[in-house]
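> Okay, here's the prediction I keep looking at, along with the sequence it came from:
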Amino acid sequence: MNSMMQTRAAKRWIDWAIIASMVLLAFFMLLPFLWLFSMSFRSVADAYKMPPSFLPPSLDFSNYWAVMTSKVPFLKIYANSVMIALIVTVGQMITCTLAAFAFARLQFRGRNALFFALLVGLMFPAQVTILPIYLGYARIGLINKPIGLALMYLTSSFGVFLMRQFMISQPKALEEAALMDGAGYLKIFWRISLPQLRPALSALGIITFTQTWNYYFQAKVLLGKQDQMTLPLAMDVLRGYMGAGNLAVVMAAMSMSILPVVLLFLIAQKFVIEGITMSGIKN
Amino acid sequence: MHMLSRRSLLLSTAAVAVGASLGFGPAFAQSDVTATLKLQGFGGDAELSAITNAIARFNKKYPNVTVELEMDAIANGWGDYVTKVLGQFNAGAAADVYGTAIETFQAFSSRNLWMGLDDFVQANSGFSDFAPSLFKQGSYNGVIHYIPIGWNNIMINYNRDLFDKAGVAYPADGKWTWDEFRKVAKALTVKDASGTVVQFGYEVPNQNFFVQPWFFSNGTAILNDDWSASNMLDPKVSETLQFLYDLIHVDGVSPIPGSGAPMDSQFFAGQVAMISRGHWIVQGAKNNKVNMDIAIPPSKESDTTVIGFGGYAINKNTANADLAKALVLELTSEETQKEEGEKGGGVPGRKSAASTEAFLSFPPSAALYYQTLPHTKAVPSPANFQEVEKIFIRHYTAMMAGEISIADGVKAADAELAASFARLKQ
């Protein structure tokens, strides 16, 4: 009895230690974001004061005002980023799910070779493929068009891989029964597979949205005009010629730009973790 | 520069007179023409504002011409800009008019991208307002490719309030020696009770352009005189690097220059007393109410500083050459130059624009910008500048951080630069 109580007490201590270390880790992970917000509410003189203070002496919104009144059309750029991220996210949820269904459930010649080729695509960085894309876009007039950036990423190897892994882990019994009842593959996909894919779809959606929101290199190559830019490029412009801009203003712009991603993740983090865990990617 | 013969001068004058009498603009483009011009500019808010206003004036003369403007803040250095522009040409999506800087001149001109502008310059007497040396530096193989906008010579920008607080005298006539500078930097470095630096005396630069005056003032450079080979093994290069290293590690007057953002914001915040920058910093200093003045970079053997200057070039394949020239005229007009200069976008190439009361009012020693022009050398800008800049800055930051000794660092940089120049010659 005594040893059982000791074991329980020890277990409780271990739990507390784990929780404490996770809180500490979470704090360190959040620190850069908290610092970002803190910097955005200070004057430049206070932002670089030594030794630094974590909390701003007062809430100074002038950096936010400076972003809004600068020559950079921040709201238009924000709208561009939202539009691109939404189109890409919805696009990938449709195309990746359909392709994943084909790879997971349909039998056809060359399926594995095709899937292998798809995975090979994951190994090529954007720097390798951007030039031919640029040349093609220049011919069809998609340079300096935000929609061009969105079209580039309507599907992705990673998305197909993620969804396929998830589908493989699903039981086939229901689908086989539906097949025997005369249902077509499209109907099976729509009525049986898709409803079970919600956690994976959420994970794919959030990962894709975040990734698209942060595209820099691709946007830098394709979008030069200020009113066609996306938010990461706006940060460059706000940094000023030769980096001579006011970094506190850049922090204010960054604070506004990361809000959608942070909010999205806070709302849907449960689905992301669930989706990734169930897809077997953790292994 | 190409010289006009008397006969061709007469013919040009006659052509201008006939053109003017027919109501043509100075670039001979029809005012009712309908077209689209693509303009690639660079810079920050000051340039964007001045260029936008210049386009508005251009559109008063040419109301049916749409000018599509792209701006590049050059946030990641000129190497990336070269890559971007070459990509545009390769893709057949090049602009008609390009704003660029001396760092890129050879890289672009050696690829035969631009239209020769000698006749254009000679036909427009207004260009005589520019220092002739700017056209010389904007030429390639004797042909003018770049119409100058303005320049930036790197100066020491200092916070006068911090000098006053430390009881340090401003550099007399804006001049000082390396040793005097070192003493001042030490006096301006402030530590708290725990020994943490709360105010740095100087920021040892982390960009290629900003660091060049230290080599020039020691009578050396990282490349040879015609920018065709490395000069890293010159003992004076090592001596210069050692001096900068000592400022950081012996005197503790500067943080280690990293690959991150330059310390302009810390300068505006009064955390750094002196910083090596060009005229573009004036806008930030004004916005942040920094009581700033400028001094010539400290000298050891000479008071030579570095100059970088910008210019406009016209795509040799543009379908609207006359319109492009008319646009360049407006972009380099006195009005545009005044606006850029007064807002802090660089020292105007036109002397008239650099002599206005507004331009000379801040910083107090603003006249030094023009006065030092004869004591400047162009930033080494060979055709392989993209590589040279990256090689140099990588080894330089490693040496300044103490990750590699200066003796080994200069050897490694020299070897890489030699390989880069060998590739260029192939």
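All right, it came through fine. Note that the structure is a prediction, hence the values are computed from the model and not measured.

> ok, the residue in the stretch 301-426 of chain B positioned nearest to chain A to B:L241 distance?
Going by C-beta to the nearest C-beta, chain A is nearest to B:G345 of the stretch 301-426 of chain B, at 7.5 Å. From N, CA and C alone the C-beta is placed, and that goes for glycine too. Between B:G345 and B:L241 the distance, using C-beta to C-beta, to the nearest Å, works out to 31 Å.

> Which strand or helix spans A:M254?
Element membership of A:M254 [criterion: DSSP states H and E] is helix A:247-279.

> and that helix, average pLDDT?
Predicted confidence along helix A:247-279 averages 82 (mean pLDDT).

> Which one's more surrounded, B:G345 and B:L241?
Counting neighbours by other C-beta atoms under 10 Å in any protein chain shown for B:G345 and for B:L241 shows that B:G345 has the greater number, 30 against 24.

> can you tell me which helix or strand the closest residue to the more buried one other than its chain neighbours belongs to?
Computed as C-beta to C-beta, 6 or more residues apart in numbering or on different chains, the closest residue to B:G345 that is not its neighbour in sequence is B:A46, at 3.5 Å. When secondary structure is defined by DSSP H and E, B:A46 falls within helix B:45-61.

> tell me what that helix is packed against?
Under the contact criterion of 3 or more C-beta pairs under 8 Å, 6 or more residues apart in numbering or on different chains; DSSP states H and E, helix B:45-61 touches strand B:35-42, strand B:65-72, helix B:321-331, helix B:334-343.

> how far off helix B:321-331 does the last one point, in degrees?
Meaning helix B:334-343. 40 degrees (axes from the mean of the first three to the mean of the last three C-alpha atoms, to 10 degrees).

> Helix B:334-343 close to chain A?
No: Helix B:334-343 lies out of reach of chain A by C-beta under 8 Å from any C-beta of the partner chain, never closer than 11.2 Å.

> And the helix or strand following that helix, how far out from the chain middle?
Sequence-wise, the next helix or strand downstream of helix B:334-343 (DSSP H and E) is strand B:347-348. Strand B:347-348 sits 10 Å away from the centroid of its parent chain (C-alpha atoms, centre = their mean, to the nearest Å).

> what do you get for stretch A:52-66?
On the basis of C-alpha atoms, centre = their mean, stretch A:52-66 sits 28 Å off its chain's mean C-alpha point.

> Just the CA coordinates for that stretch, please, in CSV.
As requested, the backbone C-alpha atoms of stretch A:52-66 are provided in CSV (Å, rounded to 0.1, in the frame of the first residue of the first chain):
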residue,chain,number,x,y,z
PRO,A,52,16.1,45.8,-23.3
SER,A,53,12.8,45.7,-21.4
PHE,A,54,10.2,43.1,-22.3
LEU,A,55,7.1,45.3,-21.9
PRO,A,56,6.8,48.5,-23.8
PRO,A,57,6.6,51.6,-21.5
SER,A,58,3.3,52.6,-23.3
LEU,A,59,1.3,51.3,-26.2
ASP,A,60,2.6,53.4,-29.1
PHE,A,61,0.5,52.7,-32.3
SER,A,62,2.6,55.0,-34.4
ASN,A,63,4.4,52.1,-36.1
TYR,A,64,1.1,50.7,-37.2
TRP,A,65,0.1,54.1,-38.5
ALA,A,66,3.4,54.4,-40.3
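
> List the buried residues in that stretch.
By neighbour count with 16 or more other C-beta atoms under 10 Å in any protein chain shown, stretch A:52-66 contains the buried residues A:56, A:60, A:63-64, A:66.

> elements contacting the longest helix belonging to chain A?
Selection of the longest helix in chain A by residue count, based on DSSP state H, yields helix A:2-40. Helix A:2-40 sits against helix A:247-279, with contacts defined as 3+ C-beta pairs under 8 Å, 6+ apart.

> For chain B, tell me whether the helix it packs on is touching it.
Yes: counting by C-beta under 8 Å from any C-beta, contacts between helix A:247-279 and chain B involve A:247-248.

> okay, the angle between that helix and helix A:2-40?
Compare the direction of helix A:247-279 with that of helix A:2-40 by the same axes, to 10 degrees and you get 140 degrees.

> Any idea how many residues pack against A:P132?
A:P132: 10 neighbours (other C-beta under 10 Å).

> Which pLDDT value does the model give it?
At A:P132, the model reports a pLDDT of 87.

> Quick one: residues contacting A:V82.
A:P260 (C-beta atoms under 8 Å, 6 or more residues apart in numbering or on different chains).

> That one looks like it's in a helix, true?
Yes: under DSSP: H, G, I helix; E, B strand; the rest coil, A:V82 falls within a helix.

> And the helices in the stretch 151-283 of chain A?
In order along the chain, the stretch 151-283 of chain A carries the following helices (DSSP state H, counting those that start in this stretch): A:157-168, A:173-180, A:185-188, A:194-196, A:198-213, A:217-222, A:231-239, A:247-279.

> In a markdown table, list these along with mean neighbour count.
As requested, the helices of the stretch 151-283 of chain A are arranged in a markdown table below (neighbours: other C-beta atoms under 10 Å in any protein chain shown):
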| stretch | mean neighbour count |
| --- | --- |
| helix A:157-168 | 22 |
| helix A:173-180 | 13 |
| helix A:185-188 | 14 |
| helix A:194-196 | 13 |
| helix A:198-213 | 21 |
| helix A:217-222 | 20 |
| helix A:231-239 | 23 |
| helix A:247-279 | 18 |
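
> so which of these comes closest to B:S352?
Across the helices of the stretch 151-283 of chain A, the minimum distance to B:S352, taken as C-beta to C-beta, is reached by helix A:231-239, at 30.3 Å.

> relative orientation of the closest one and helix B:45-61 in degrees?
For helix A:231-239 and helix B:45-61, the angle between their directions (the same axes, to 10 degrees) works out to 100 degrees.

> Let me see the mean pLDDT of helix A:231-239.
Model confidence over helix A:231-239 averages 89 on the pLDDT scale.

> Great, nothing more from me.
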